[in-house]
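Enquirer: Can you look at this prediction? I've put the sequence above it.
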Amino acid sequence: MLGHSGPKKHLIFTLNGEVYAIAIDQIREIIGFRSPTIVPMMPSYLRGIINLRGMVVPVLDLAYRFGLAPNPVGKRTCIIILELPLHPDMPEQHYMVGLVVDMVNAVLDISPSMIELAPSFGVSIRPEFLHGMARIKEKFILLLNLQRVVALDELNALRSISDK
């Protein structure tokens, strides 16, 4: 069991048929998919950048990030806009980044008693991208470790793109 507090709200979404969750306190908003502007010489998982009300937001394709083949963009494809701290020592400074997902499912309360350690096998992504997994009824939801999915050094490199 991970964590020691009460239930926490999580956004549940689907990517390549797998169900994932992100703590809702790191999410700024969810927008419909829009084609990002491609940025040359960036990692393959960086779809490009979008203009969100005057702010440049890098958009990561989670499927590419996880080494999976992305699904074609559909009616329910969306971009989850995250607001992440730039540095652990400066929690008041944030940076926005978007994640392309196949579909958003729901918001659920997940209590620490529902969370188990992430398995080291049997999942389609690298275990270091996971914080754990939650058992909801008879299904498992993979809890993403956003600090690993959007690594701080990579985040700072992406930040330099939007500062230009």
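Expert: Ah, there it is. Numbers count the residues shown, from 1 in each chain.

Enquirer: Without its sequence neighbours, what residue ends up closest to the most centrally placed residue in the chain?
Expert: Centroid-nearest residue in the chain: Leu99, 5.4 Å away (criterion: CA atoms, centre = their mean). Residue nearest to Leu99 in three dimensions, not counting chain neighbours: Ile80, with 4.7 Å by CB to CB, 6 or more residues apart in numbering. Backbone N, C-alpha and C define where each C-beta goes, glycine included.

Enquirer: Does Ser113 belong to a helix, a strand or coil?
Expert: Put simply, Ser113 is helix when judged by DSSP: H, G, I helix; E, B strand; the rest coil.

Enquirer: if we can go back for a sec, which residues sit in contact with the residue nearest to the centre of the chain?
Expert: Val59, Leu60, Leu62, Ile79, Ile80, Leu82, Val149 (CB atoms under 8 Å, 6 or more residues apart in numbering).

Enquirer: Buried residues, the lengthiest strand in the chain. List them.
Expert: Ranked by residue count under DSSP state E, the longest strand found in the chain is strand 90-101. By neighbour count on 16 or more other CB atoms under 10 Å, the buried set for strand 90-101 is Tyr95, Met96, Val97, Gly98, Leu99, Val100, Val101.

Enquirer: just the strands in the chain please.
Expert: 8-15, 18-23, 27-32, 46-52, 55-61, 78-87, 90-101, 103-110, 115-116, 130-136, 139-144.

Enquirer: Pipe the ones you listed into TSV and attach mean pLDDT per row.
Expert: Output for these, formatted as TSV (pLDDT from 0 to 100):
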stretch	mean pLDDT
strand 8-15	95
strand 18-23	93
strand 27-32	96
strand 46-52	92
strand 55-61	92
strand 78-87	88
strand 90-101	84
strand 103-110	94
strand 115-116	84
strand 130-136	85
strand 139-144	90
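
Enquirer: Which one, of those, ends up nearest to Val39?
Expert: Among the strands of the chain, strand 46-52 comes nearest to Val39, with 5.5 Å by CB to CB.
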